[in-house]
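> 3D model of this:
(2 chains)
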Amino acid sequence: MKLVIAIIKPFKLDEVRDALTAVGVSGLTVTEVKGYGRQKGHTEIYRGAEYAVKFIPKIKVEVVVPADQAQSVVRIIQDTTRTGQIGDGKIFVLPVDQALRIRTGETDAAAL
Amino acid sequence: MSLCLPRCVKGAAILAIGLLAAPPALAGTPTPNPGDTAWMLTSSALVLMMSIPGLALFYGGLVRSKNMASILTQTFTIVALVGVLWTLYGYSLAFGDGGSLNAVIGGLGKAFLKGVGADAVAPTFTPGHVIPELAYFVFQMTFAMITPALIIGAFAERMKFSAVFIFILLWVTVVYFPIAHWVWAVADPNAIVDAATELAAATTDAAKQAAQAKIDAATSSVGWLAGGLAPWMKGVGALDFAGGTVVHINAGIAGLVGALMVGKRIGYGKEALPPHSLTLSMVGASLLWVGWFGFNAGSNLEANGTTALAFVNTMVATAAASLSWLLTEWATKGKPSLLGLISGAVAGLVAVTPASGFAGPIGSLALGFIVSPICLFFVSKVKNALGYDDALDVFGVHCIGGITGALGTGLLVNPALGGVGITDYTAIDKAYAGTYDLVAQMIAQGTAVGATLLWSGIGSAILYKVVDLVIGLRPAPDQEREGLDIADHGERAYNY
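Numbers count the residues shown, from 1 in each chain, chains lettered A, B, ... in the order given. Presented below is the predicted three-dimensional model:
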């Protein structure tokens, strides 16, 4: 099994969810995060105080899939979230040792 | 509350009719009329609303969310605290008869509202008109409440609640009540008009002298700024219709001194400390504007044309100042901001406060346009250059705006500039029209500004020091980091 972590632009979340559901991915976890890469932030001014906001809001999508599905999931996420502008995000793939469905006790592939 | 008062006339009896040896000798005893009474009570409610929730939300939205409850609690507590102190002794010290000391402070004759029952009356600016003294008492109370509440913005986010509580209790007693007395303990117009009428009717020298003595007595036992009693003022009183000096310059300088003495917030200049809710600040600023009609127009003490003038001035100066700040920021910083817009509104309200019953509408419009760039300059360039942490710009908006308005009042009261001119209650055959003297008036205005800056600045410094020595002003650094909501109140403003 593989854990696919994708940092994407927030407005792309619904498209990603729809695309992954269409290929049988049955669940994913979403977190609101902040980060920076090559995309720079912006400046905010409050009366006399100027702040450089360096972190940009992003969405982190985490989904665990069978190892043989990992590459196609990566491709699907990339295709749906790519805009061509700086700040599209990154995808990482990590190995997963174990998975368990809490309600039934099913493990590994049956838990996904 | 205003009260310019006859500059030509020397001194003035105090406003509290209840303590005058002889009641006004106008035909019959005037009784309050329903319109004036209703307006004064309404104004009092409006000014309370300015403090809570107006100022509370305006300030609250500007701090970080971890300090929101602390701002709300400090503001509300100050309202409650001053409400009690004003009733017990504040009203008496500010507006009571101080006897031989009446030039600088009232006495304790009205402590616990002694003698101030439902039938007691207070004069207005129209001879023969009165309002219930209780209405005057509660109206003035709301001013005493909001003035100290303004100060907390300067040292927001890093002063302990206990220190704020003790400091404010001492501050209103030692700084606010005296200054209110200096500026607003004015002559009873009825006493002056009666004596002037007597003078006009007098045929013998003895009778004339007696009448003149009454005029002198009526006009000399007043607050020294109101009556122009300092030698260099020559009887020309300072004009402050609703409290540019008493409220705004006063709170502004006390705030600056506090900000300097308590020191900067941890992370100031390095970390981002942006407002957590401009939405709430806008709501607060809007409530301030609406409530301010009570503050300024209510300061006419009755409901007539001057009341409408003060109302209109409060509207147009604020509109102009809002626009002015917006446009200035747009031009100089590239983007017009919501914070700038509402700050402009507050600056305009502050500046028009002393002028509201004296200037004409176009003069007020001009005042509004002028004050915003000045205040913007102070809250950005000056503050950053000098490096002090006046967190919510109490000095830059209230003190500087108040000074601009106080000095502007001296110019704009001139009938040539659309102002209402000076009132002289001895001029009974000229509809109380007095003479405007630019130099003398500006000396009076400058004196009021200077006296307020000195008494409040120095007095506040001493009080901060005393409180610091006894209980300490600042929370521990980790408490400041965690936020005063938890540290002082064991609560969060937000739980999500």
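> burial count for the closest residue to chain A within the stretch 201-350 of chain B?
Proximity of the stretch 201-350 of chain B to chain A (CB to the nearest CB) peaks at residue B:272, 4.2 Å away. For the C-beta atoms, the positions are set from N, CA and C on the backbone; glycine is no exception. Residue B:272 is flanked by 14 other residues according to other CB atoms under 10 Å in any protein chain shown.
> now do residue B:377
As a measure of burial, residue B:377 has 16 neighbours, counting by other CB under 10 Å.
> again, but for residue B:69
By other CB under 10 Å, neighbour count at residue B:69 equals 21.
> about what we covered before: what residues does the nearest residue to the residue of the stretch 201-350 of chain B closest to chain A once chain neighbours are set aside make contact with?
Nearest non-adjacent residue to residue B:272, counting by CB to CB, 6 or more residues apart in numbering or on different chains: residue A:51, 4.2 Å away. Remark: with contacts taken as CB atoms under 8 Å, 6 or more residues apart in numbering or on different chains, residue A:51 is in contact with A:43, A:44, A:45, B:272, B:274.
> If we only consider those residues, which is nearest to residue B:179?
Among the contacts of residue A:51, residue B:274 lies closest to residue B:179 (CB to CB), at 34.6 Å.
> is it true that the closest one touches residue A:46?
Yes. Using CB atoms under 8 Å, residue B:274 makes contact with residue A:46 at a distance of 5.5 Å.
> more crowded one of those two?
Shown here are residue B:274 and residue A:46; by other CB under 10 Å, residue A:46 has more neighbours (19 against 15).
> tell me the phi and psi of that one?
Backbone torsions of residue A:46, given as degrees, to the nearest 10, read phi -120, psi 110.
> Could you give the bridge partners of it?
residue A:49 (DSSP bridges).
> picking that back up, Three-state assignment for the residue of the stretch 201-350 of chain B closest to chain A, please.
Residue B:272 carries the three-state label coil when classified by DSSP: H, G, I helix; E, B strand; the rest coil.
> That one and residue A:53 touch, don't they?
Yes. Counting by CB under 8 Å, residue B:272 touches residue A:53, with 7.2 Å between them.
> What parts of chain A come near chain B?
Selection of chain A residues close to chain B by CB under 8 Å from any CB of the partner chain yields A:44, A:45, A:46, A:47, A:48, A:49, A:51, A:53.
> Can you tell me which of the residues you listed has the most neighbours?
Going by other CB under 10 Å, residue A:47 tops these with 22 neighbours.
> residues touching that residue, list them.
B:339, B:340, B:343, B:376, B:379, B:380, B:393.
> can you check residue B:455 too?
Residue B:455 is in contact with B:175, B:178, B:179, counting by CB under 8 Å, 6+ apart.
> Put the buried members of these into a PyMOL selection.
In PyMOL, this line selects whichever of these come out buried by 16 or more other CB atoms under 10 Å in any protein chain shown:
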select buried, chain B and resi 175+178+179
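> Quick check: of the contacts of residue B:455, which lies closest to chain A?
residue B:175 (26.7 Å).
> will you turn the residues of chain A next to chain B into JSON lines that also has pLDDT?
Output for the residues of chain A next to chain B, formatted as JSON lines (pLDDT from 0 to 100):
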{"residue": "A:44", "pLDDT": "91"}
{"residue": "A:45", "pLDDT": "90"}
{"residue": "A:46", "pLDDT": "91"}
{"residue": "A:47", "pLDDT": "89"}
{"residue": "A:48", "pLDDT": "83"}
{"residue": "A:49", "pLDDT": "89"}
{"residue": "A:51", "pLDDT": "89"}
{"residue": "A:53", "pLDDT": "87"}
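> from those residues, which is closest to chain B?
residue A:48 (3.3 Å).
> tell me the pLDDT at the spatially closest residue to the closest one that is not a sequence neighbour?
Nearest non-adjacent residue to residue A:48, counting by CB to CB, 6+ apart: residue B:380, 3.3 Å away. Per-residue confidence (pLDDT) for residue B:380: 95.
> Can I get the contacts of residue A:47 in JSON lines including secondary structure, distance to residue B:452 and neighbour count?
Below are the contacts of residue A:47 laid out as JSON lines (DSSP: H, G, I helix; E, B strand; the rest coil; distance: CB to CB, whole Å; neighbours: other CB atoms under 10 Å in any protein chain shown):
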{"residue": "B:339", "secondary structure": "helix", "distance to residue B:452": "28", "neighbour count": "21"}
{"residue": "B:340", "secondary structure": "helix", "distance to residue B:452": "27", "neighbour count": "26"}
{"residue": "B:343", "secondary structure": "helix", "distance to residue B:452": "22", "neighbour count": "31"}
{"residue": "B:376", "secondary structure": "helix", "distance to residue B:452": "23", "neighbour count": "26"}
{"residue": "B:379", "secondary structure": "helix", "distance to residue B:452": "20", "neighbour count": "25"}
{"residue": "B:380", "secondary structure": "helix", "distance to residue B:452": "25", "neighbour count": "21"}
{"residue": "B:393", "secondary structure": "coil", "distance to residue B:452": "19", "neighbour count": "28"}
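> thinking again about what came up before, restricted to helices, list the contacts of residue B:455.
B:178, B:179 (DSSP state H).
> Tell me the residue in the chain that is farthest from the middle.
Just going to use chain A. Each residue of chain A has a distance to the centre, and by CA atoms, centre = their mean the biggest one is for residue A:48: 37.5 Å.
> other chain: chain B
In chain B, the residue most distant from the centre (CA atoms, centre = their mean) is residue B:204, at 44.7 Å.
> which bits of chain B sit near chain A?
Going by CB under 8 Å from any CB, the residues of chain B near chain A are B:272-275, B:333, B:335, B:337, B:339-340, B:343, B:376, B:379-381, B:383-384, B:393.
> and the gap between the closest residue to chain A within chain B and residue B:251?
Distances between chain B and chain A by CB to the nearest CB are smallest at residue B:380, namely 3.3 Å. Distance from residue B:380 to residue B:251, counting by CB to CB, to the nearest Å: 21 Å.
> Please apply the same query to residue B:369.
If you go by CB to CB, the gap between residue B:369 and residue B:251 works out to 24 Å.
> And residue A:50, by the same measure?
In terms of CB to CB, residue A:50 sits 27 Å off from residue B:251.
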